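Chemist: Sequence and predicted model, in that order:
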Protein chains: 2
Amino acid sequence: MNPFDAPHPTNELKATAPVCDRCGSRVAGLCQPLDIAALDEISSESQQTSMPAHSMVFREGDPAGKVFTLIEGFAKLTRLLPDGKQQVVGFRFAGDVIGYTTLPSYPFDAELLTDSRLCRLERGQLDGLLRRYPKLERRMLDLCVQELTATQEQLVTVGRRSAEARVAAFLLSLVEASRRRGPPRTVLEMPMTRADIADFLGLTLETVSRSLTAFRKRGWIREPVHHRVELINLPALSALAEGTSDNG
Amino acid sequence: MNPFDAPHPTNELKATAPVCDRCGSRVAGLCQPLDIAALDEISSESQQTSMPAHSMVFREGDPAGKVFTLIEGFAKLTRLLPDGKQQVVGFRFAGDVIGYTTLPSYPFDAELLTDSRLCRLERGQLDGLLRRYPKLERRMLDLCVQELTATQEQLVTVGRRSAEARVAAFLLSLVEASRRRGPPRTVLEMPMTRADIADFLGLTLETVSRSLTAFRKRGWIREPVHHRVELINLPALSALAEGTSDNG
DNA sequence: CGTGCGATTGAGTTTCGTCAATCGGGGTGG
DNA sequence: CCACCCCGATTGACGAAACTCAATCGCACG
């Protein structure tokens, strides 16, 4: 299977989204613009591995010698502050590329939130591929721009929104990430802890907990089981996320 | 003059930093990895323009048809929130590229803070150059990764630091930006208003003002004239920026 | 000299962080 | 199989940091 694309799709996914004809994967991954020869080359040079929840894919400061694609599972990317607190700079989902940078070392930790499958490619081999397949370099640039835009979006969320608005925006971003991976669902995987969410949103875990409790009491969300959330009233959450505290 | 690089350096700058032998510009710009032929091509396809302070280089949502390099001056990049507030996603300085994106439209406003000189290149022409000069595409990717890393840094600042720590971090980022443009100075241009700084840091303008006043009273900074700041006690500012509120 | 905008300063309020106690569920060991 | 334990989540009380509203200052510009 070609390693640089998204999780193995179920049959109904195949029917509803454009797939890479080589490996049946979704377009979110890296190999979407490549031809058969390039796919073969990537396949032969990369390795697939499974890793358990809570393992570190790499750490901030490690030499950036490998590039990963998350085939299945969830990951968080974090930076450590001098005082020991952490800032989550992003979450990653099946199909996302992790750890590609032009810097000599990774600028953040990557930790798995769930048991996951990953594909691993040597940075040197990727650079070779980039030289041989210009479309792939263009693809990397596209992914980088997307990520930059998303991070700027997150800056707006953290900088200008009230606590509840941030939590609402986070829930909506889960919907968006889920949509990238398949047909829209209202019940979503949410494998991150309250502390993870808080570190992502620039809040404390208590404030996140209170916000989610408030949403639950208003009937906007349900949490049928641990690490799973059902969004019942999307319009209300959207309205709250748009406004800064009182309204929209 | 080659358009895609930094401001015309004074003689002492030429002596202290690597320059593009074609146009005497600094490495911060785009053309650093290019050969003579490519430089000629870029020069012939781009135009230099001057624009007054407070003019909009482009607006969020405009079709992203042009790419700019700030030759001289200062700019802010902002996103508008639904409720009318703005978030400054970054400031740009002489030598920086503005407005390159693979998206169909610009994801933010770009407004000049001072009278500025810009070089303008059609997006289509840049894409052609990217195809003909692979090194240039690699350079774009490098710039994008740098910007992404800086934005993540900013996310940490906004998400986890106290008001004074954010303002201190902002002042230090001005030092860093100045260093990119020439030899280190302690008196820096700071053409942004308190409101601009506040919108960058996720604070109110009053809080920014109070923080700067506090720094002034402690003798850490001076503001000899409007829009200029002298950093007297860099270690103190650094220590404050590192810690989250009380210490380090 | 007057006007206007940006900056400063003050007073009161709100939101969110802090500290602390308790809950609850899943896993483990007796 | 059951009880205990541990970790994550919840809830409450309190305090502090930053926001809001408002008045004033001061410099640049007309």
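Modeler: Ah, there it is. As the structure is a computational prediction, the values presented were derived from the model and not from experiment.

Chemist: CA only for contacts and neighbour counts going forward, please
Modeler: OK.

Chemist: list the contacts for the residue nearest to the spatial centre of chain A?
Modeler: Geometric centre of chain A, nearest residue: residue A:92, 1.9 Å, by CA atoms, centre = their mean. By CA atoms under 8 Å, 6 or more residues apart in numbering or on different chains, the contact set of residue A:92 is A:70, A:74-77, A:98.

Chemist: Just the ones in strands from those, please.
Modeler: Using DSSP state E, A:70, A:75-77, A:98 are the members of the contacts of residue A:92 that sit in strands.

Chemist: now the strands: where do they sit in chain A?
Modeler: For chain A, the strands defined by DSSP E occupy A:47-51, A:56-58, A:66-72, A:75-80, A:86-92, A:97-98, A:109-112, A:116-122, A:187-189, A:221-222, A:228-231.

Chemist: who in chain A is up against DNA strand D?
Modeler: Neighbours of DNA strand D within chain A, by CA under 7 Å from any atom of the strand: A:192-195, A:205-210, A:212-213.

Chemist: Quick one, which of the residues you listed are buried?
Modeler: If you count burial by 16 or more other CA atoms under 10 Å in any protein chain shown, the buried members of the residues of chain A next to DNA strand D come out as A:192, A:194-195, A:205, A:207-209, A:212.

Chemist: For the residues you listed, work out which two are farthest apart.
Modeler: For these, the maximum inter-member distance is 15.3 Å, found between A:192 and A:207 (CA to CA).

Chemist: Can you pull the phi and psi angles for residue A:204?
Modeler: Dihedral pair for residue A:204: phi -100, psi 160, per degrees, to the nearest 10.

Chemist: Just to check, it is in contact with residue A:195?
Modeler: Yes: assessed by CA atoms under 8 Å, residue A:204 is found in contact with residue A:195 at 7.1 Å.

Chemist: Next up, the contacts around residue A:145.
Modeler: When contacts are counted by CA under 8 Å, 6+ apart, residue A:145 touches B:101-103, B:144.

Chemist: What about chain A: which of the residues you listed touch it?
Modeler: By CA under 8 Å from any CA of the partner chain, the members of the contacts of residue A:145 lying near chain A are B:101-103, B:144.

Chemist: Would you mind listing which of those are buried?
Modeler: With neighbours counted by 16+ other CA under 10 Å, those contain buried members at B:101-102, B:144.

Chemist: Pull out the buried positions in the longest helix seen in chain A.
Modeler: The helix that spans the most residues within chain A, counting by DSSP state H, is helix A:134-160. Within helix A:134-160, the residues that count as buried by 16+ other CA under 10 Å are A:134-145, A:147-149, A:151-160.

Chemist: One more: stretch A:99-114?
Modeler: Going by neighbour count (16+ other CA under 10 Å), the buried part of stretch A:99-114 is A:99-102, A:105-114.

Chemist: now swap in stretch A:234-241 and tell me
Modeler: Buried residues in stretch A:234-241, counting neighbours by 16+ other CA under 10 Å, are found at A:234, A:237-238, A:240-241.

Chemist: any chance of these in JSON lines, plus distance to residue B:229 and pLDDT?
Modeler: Listed next are these as JSON lines, based on distance: CA to CA, whole Å; pLDDT from 0 to 100:
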{"residue": "A:234", "distance to residue B:229": "47", "pLDDT": "96"}
{"residue": "A:237", "distance to residue B:229": "43", "pLDDT": "97"}
{"residue": "A:238", "distance to residue B:229": "41", "pLDDT": "96"}
{"residue": "A:240", "distance to residue B:229": "39", "pLDDT": "96"}
{"residue": "A:241", "distance to residue B:229": "37", "pLDDT": "95"}
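
Chemist: Inside helices: which ones of those residues?
Modeler: A:234, A:237-238, A:240-241.

Chemist: Dump the ones next to chain A among the contacts of residue A:145 to CSV, plus pLDDT.
Modeler: Rendered in CSV, the data for the ones next to chain A among the contacts of residue A:145 read as follows (pLDDT from 0 to 100):
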residue, pLDDT
B:101, 91
B:102, 89
B:103, 92
B:144, 92
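
Chemist: mind giving me JSON lines with the residues you listed and columns for distance to residue A:118?
Modeler: Converted to JSON lines, the ones next to chain A among the contacts of residue A:145 look like this (distance: CA to CA, whole Å):
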{"residue": "B:101", "distance to residue A:118": "29"}
{"residue": "B:102", "distance to residue A:118": "27"}
{"residue": "B:103", "distance to residue A:118": "28"}
{"residue": "B:144", "distance to residue A:118": "25"}
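
Chemist: So which of those sit within helices?
Modeler: residue B:144.

Chemist: out of the ones next to chain A among the contacts of residue A:145, which one sits closest to residue B:229?
Modeler: Sorting the ones next to chain A among the contacts of residue A:145 by distance to residue B:229 puts residue B:144 at the head of the list, at 29.2 Å, by CA to CA.
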